[in-house]
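Student: Provide a 3D model corresponding to the input given below.
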Amino acid sequence: MTYDDIATNGLVLLGCGKMGSAMLEGWLKGGLPAASVYVIDPNPSDWLQSTGVHINTDLPKAPAIVLVAVKPQMMGAALPTLQAMGNGPTLFISVAAGTPLKHFEAVLGADTPIIRAMPNTPAAIGQGITAVVGNAHSSEAHLDVADSLLTAIGEVVRLKAESQIDAVTGVSGSGPAYVFHLIECLAAAGEAQGLAPELAMQLAKATVAGAGALAMQADETPAQLRVNVTSPNGTTQAGLDVLMDSETGLPPLLRHTVAAATNRSKDLARDA
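Tutor: Next comes the predicted model:
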């Protein structure tokens, strides 16, 4: 399925907040005609209204794609409105956290092709990473379509099983918040050593952003990059001796952090 196929049969976007808007912007820039997109959103933004897409109008009976981007707490009310599109050729793609495939199958029908996706917040600037997994009625072609749509907001990886979604949530789904807190802590530590707050924050933001960009672009592994900047008995080594402590340092702390987020994701899926 190509953008031409989607343009012919239509794409329905259920929810157009930050994530939905980021995807829509990428699709339109990629050549998807605005007239082929139907957005359902109770509070359409000024930007959305300027795009030329259909907003809160009658939907095609059998669109090529329905992409569900509502908040999990809105899923119960929103999803049943699309029930008539289930058990047919329409591919459903969900980027809603905490809602398992079985929930969509229960509402839309067991024969519906459904793909569950877990993006993260850097998707808002096209720098996200999204993990996808499909149900039994999702083919390789369906996954290819999901890949092409979701690359509008960053990288896409495929999972072998839905059970991996919880760990993905713990690592990349929740991970940006961990990094934001790292920036906060790094800046606060700089202040404690006598730097002005504004300078400490500027240094922390640029350091984390620059290190991340280098890790993405370099041929070396992050471990090797760390070695490259660590002189024996130097300042970096002194800091790493604290950070890499196997009992009190970052390794056990992050294991506990990711495990807590993963377990919470499992709880939410059970409650869905």
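Student: Regarding D245, what is its secondary structure?
Tutor: coil (DSSP: H, G, I helix; E, B strand; the rest coil).
Student: Grab the most central residue of the protein for me.
Tutor: P119 (1.1 Å; C-alpha atoms, centre = their mean).
Student: In contact with it: list those residues for me.
Tutor: 19, 95, 128-130, 150, 153-154, 173 (C-beta atoms under 8 Å, 6 or more residues apart in numbering). Where you see a C-beta, it was placed from the backbone N, CA and C, and this is true even at glycine.
Student: for P222, same thing?
Tutor: Per C-beta under 8 Å, 6+ apart, neighbours of P222: A215.
Student: Which pLDDT value does the model give it?
Tutor: Per-residue pLDDT puts P222 at 97.
Student: follow-up on the earlier one: including distance to R264, secondary structure and neighbour count, could the contacts of P119 go into a markdown table?
Tutor: What follows is those, written out as a markdown table (distance: C-beta to C-beta, whole Å; DSSP: H, G, I helix; E, B strand; the rest coil; neighbours: other C-beta atoms under 10 Å):
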| residue | distance to R264 | secondary structure | neighbour count |
| --- | --- | --- | --- |
| M19 | 20 | helix | 23 |
| V95 | 18 | coil | 23 |
| G128 | 21 | strand | 22 |
| I129 | 20 | strand | 20 |
| T130 | 20 | strand | 27 |
| L150 | 24 | helix | 25 |
| I153 | 24 | helix | 26 |
| G154 | 24 | strand | 19 |
| G173 | 11 | helix | 24 |
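Student: on that earlier part again, so what's the residue nearest to the centre of the chain scoring on pLDDT?
Tutor: We note a pLDDT of 94 for P119 in this prediction.
Student: Quick check: phi and psi at it.
Tutor: In terms of degrees, to the nearest 10, the main-chain angles of P119 are phi -90, psi -180.
Student: Quick check: the gap between it and M85.
Tutor: For P119, the distance to M85 equals 23 Å [C-beta to C-beta, to the nearest Å].
Student: do the same with Y178
Tutor: Using C-beta to C-beta, Y178 is found at 37 Å from M85.
Student: mind listing the strands for the stretch 1-150 of the chain?
Tutor: 11-14, 37-40, 54-55, 65-68, 91-94, 114-118, 128-134 (DSSP state E, counting those that start in this stretch).
Student: mind checking how far the third one is from the chain centre?
Tutor: To tie it back to what came earlier, the one meant is strand 54-55. 24 Å (C-alpha atoms, centre = their mean, to the nearest Å).
Student: So S231 sits against Q237, correct?
Tutor: Yes: using C-beta atoms under 8 Å, S231 is in contact with Q237, at 6.7 Å.
Student: Just the buried positions in stretch 149-162, please.
Tutor: Neighbour-count burial for stretch 149-162 flags 149-150, 152-156, 159 (criterion: 16 or more other C-beta atoms under 10 Å).
Student: Any idea how far apart the tips of that stretch sit?
Tutor: By C-alpha to C-alpha, to the nearest Å, the extent of stretch 149-162 from end to end equals 20 Å.
Student: same question, stretch 105-114
Tutor: Start-to-end span of stretch 105-114 (C-alpha to C-alpha) is 8 Å.
Student: Identify the residues contacting that stretch?
Tutor: Contact partners of stretch 105-114, identified using C-beta under 8 Å, 6+ apart, comprise 79-80, 82-83, 85-88, 90-94, 101, 104, 134-135, 137-139, 142.
Student: Specify which member of the buried residues of stretch 149-162 is nearest to R255.
Tutor: Checking the buried residues of stretch 149-162 against R255 with C-beta to C-beta, the nearest one is L159 at 20.9 Å.
Student: Fine, thanks again, bye for now.
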